[in-house]
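# Predicted structure and sequence below. I'll ask about it afterward.
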Amino acid sequence: MKTIRWGILGTGRIAHKFASDLKLVKDAELVAVGSRSQKSADDFNKKFPVKHVHDSYEALVQNPEVDVIYIATPHNLHCENTLLCLRHNKAVLCEKPFAMNSRQAATMISYAKEQKVFLMEALWTKFHPHYLKMQEMIGEGLLGKVRAILVNFGFKPITPIPARLFDPGLGGGTLMDIGIYNVFIAMSILGKPDHIDAVMTPASTGVDEQCAILFRYKNGAMAQLFSTFSSNLATEADICGSEGRIRLTSRFYEPSSTVEFYNERVDSREIIPVAKEPGFGYQYEARHVNDCLRKGLTESPVVSFNDTLLLMETLDKIRDVAGIRYPADEVDGRN
Ligand SMILES: NC(=O)c1ccc[n+]([C@@H]2O[C@H](COP(=O)([O-])OP(=O)(O)OC[C@H]3O[C@@H](n4cnc5c(N)ncnc54)[C@H](OP(=O)(O)O)[C@@H]3O)[C@@H](O)[C@H]2O)c1
């Protein structure tokens with residue numbers, strides 16, 4: 001089978017982790033990197049040697065030897081960078097949040113459809129063994145009816161604090177950076193909420209330093225979701241049903257998380273065995289993208305365009321309720 005040739009756009013923290021995990025993917029090769037500066041591209045190349053080192057994103061997307069590009073830039077650039085890749089017929093795996101708002105997401109998706117080029121949101125948790133085990137257990141009815149989901153995600157950024165965490169221009173704030181995982185996990189179990197309550201504490205820059213969300217469902221289920229940059233939290237998720245509870249231990253969105261099952265039928269607590277493999281956990285989504293490309297797909301059956309749009313629309317609604325706004329909203333004409 002043909003080796004899938006990857007390029008990475010942006011050379012920050014996550015780009016390094018992804019490059020490291022790509023080594024665990026059979027039939028994948030990291031062949032190129034693109035950076036805003038030659039120095040960053042060269043530094044990246046010292047750690048992860050690649051055939052092509054580009055000093056601009058434009059040069060990367062024009063490289064005929066690249067099949068697919070992983071976008072690892074700050075949130076505010078995801079739309080622009082994705083459109084650039086698609087314009088040059090490069091398949092795209094775009095980091096979360098997929099875009100700054102649902103309008104941008106819709107533009108990206110409709111352009112991918114028009115170009116008939118693969119595009120997927122890098123929602124890596126959806127491919128992790130612990131997450132799949134949790135879904136399987138819920139599907140088998142082990143929890144009975146899911147009535148509540150409680151998720152917390154919090155850390156205190158350490159100096160030097162990355163600009164993108166608090167800069168509104170870069171899409172800063174907890175909701176878009178970490179709260180998105182809380183929202184995703186609640187929706188992947190309970191679906192689209194019927195009612196959303198949300199409040200936030202603004203940082204000095206205006207972005208949300210803390211964000212508390214309550215999803216309510218017509219059947220009485222609820223999800224309570226909290227994200228913060230002010231405290232180091234357990235970063236766990238509890239999925240509570242009429243017959244039992246699953247706890248995804250810290251950090252619930254990473255493959256190192258453990259699945260604990262509290263079975264109320266027999267009053268027991270069990271740690272559910274889940275296969276682990278080395279790496280940070282980005283290899284799973286990369287393998288999926290490889291599979292999709294080999295099959296000639298332009299949309300992932302696991303992270304569908306509808307899933308991505310629904311998540312972005314829900315983030316928009318939460319932001320409307322909590323009062324979280326970005327310059328990108330003005331550019332797009334949202335009001
Ligand atoms: N899935 C996950 O687990 C996970 C974890 C962390 C982050 N992320 C996502 O990945 C994205 C990048 O996060 P990160 O932590 O890697 O960020 P980062 O360390 O700040 O790196 C971002 C890179 O984007 C490029 N860039 C372009 N314009 C920039 C600007 N105006 N300011 C700063 N950087 C700019 C830079 O690369 P060049 O200078 O080389 O162009 C920079 O190194 C975010 O959207 C984040 O949500 C996902």
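Great, that's in hand. Numbers count the residues shown, from 1 in each chain.

# any idea which element V151 lies in?
Assigned by DSSP states H and E, V151 falls within strand 146-154.

# strands paired with that strand, and their directions?
strand 222-228 (parallel), strand 237-241 (antiparallel) (DSSP bridges).

# So which other helices or strands are in contact with the following helix or strand past it?
Under the assignment DSSP H and E, the closest C-terminal helix or strand after strand 146-154 is helix 174. Packing contacts for helix 174, counted by 3 or more CB pairs under 8 Å, 6 or more residues apart in numbering; DSSP states H and E, involve strand 208-216. (Each C-beta comes from the backbone N, C-alpha and C, glycine too.)

# ok, the strand it packs on: who's next to it in the sheet?
strand 195-202 (antiparallel), strand 222-228 (antiparallel).

# For burial, what's the neighbour tally of the closest residue to V259 other than its chain neighbours?
Spatial nearest neighbour of V259, chain neighbours left out: I272 (4.2 Å); criterion: CB to CB, 6 or more residues apart in numbering. Using other CB atoms under 10 Å, I272 has 15 other residues around it.

# just the one 10 residues further on next, same as before
One way to gauge burial is a neighbour count; for Y282, by other CB under 10 Å, it gives 23.

# if I pick the residue of the chain found nearest the ligand, what's in contact with it?
Proximity to the ligand, evaluated over the chain using CB to the nearest ligand atom, is greatest for G12 at 1.7 Å. With contact set as CB atoms under 8 Å, 6 or more residues apart in numbering, G12 has these partners: 72-73.

# do you know how far the residue lying farthest from the centre of the chain is from A59?
In the chain, counting by CA atoms, centre = their mean, V266 sits farthest out from the average C-alpha position, at 36.1 Å. Per CB to CB, to the nearest Å, V266 is found 61 Å from A59.

# cool, L150 as well?
47 Å.

# Comparing those two, which shows the higher neighbour count?
Between L150 and A59, L150 has the larger neighbour count (other CB under 10 Å), namely 18 against 15.

# burial measure for F252, as a count.
Counted with other CB under 10 Å, residues neighbouring F252 total 27.

# Report the contact partners of it.
Contacts of F252 by CB under 8 Å, 6+ apart are 151, 153, 181, 185, 235-237.

# which of those tops the neighbour count?
A237 (28 neighbours).

# so that one sits right up against R247, yeah?
Yes. At 7.2 Å, A237 and R247 qualify as touching, with contact defined as CB atoms under 8 Å.

# re the thing from before, could I get the strands paired with strand 208-216 as JSON lines with mean pLDDT?
JSON lines is the format used below for those (pLDDT from 0 to 100):
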{"stretch": "strand 195-202", "mean pLDDT": "98"}
{"stretch": "strand 222-228", "mean pLDDT": "98"}
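
# what about the residue farthest from the centre of the chain, distance to V117?
51 Å.
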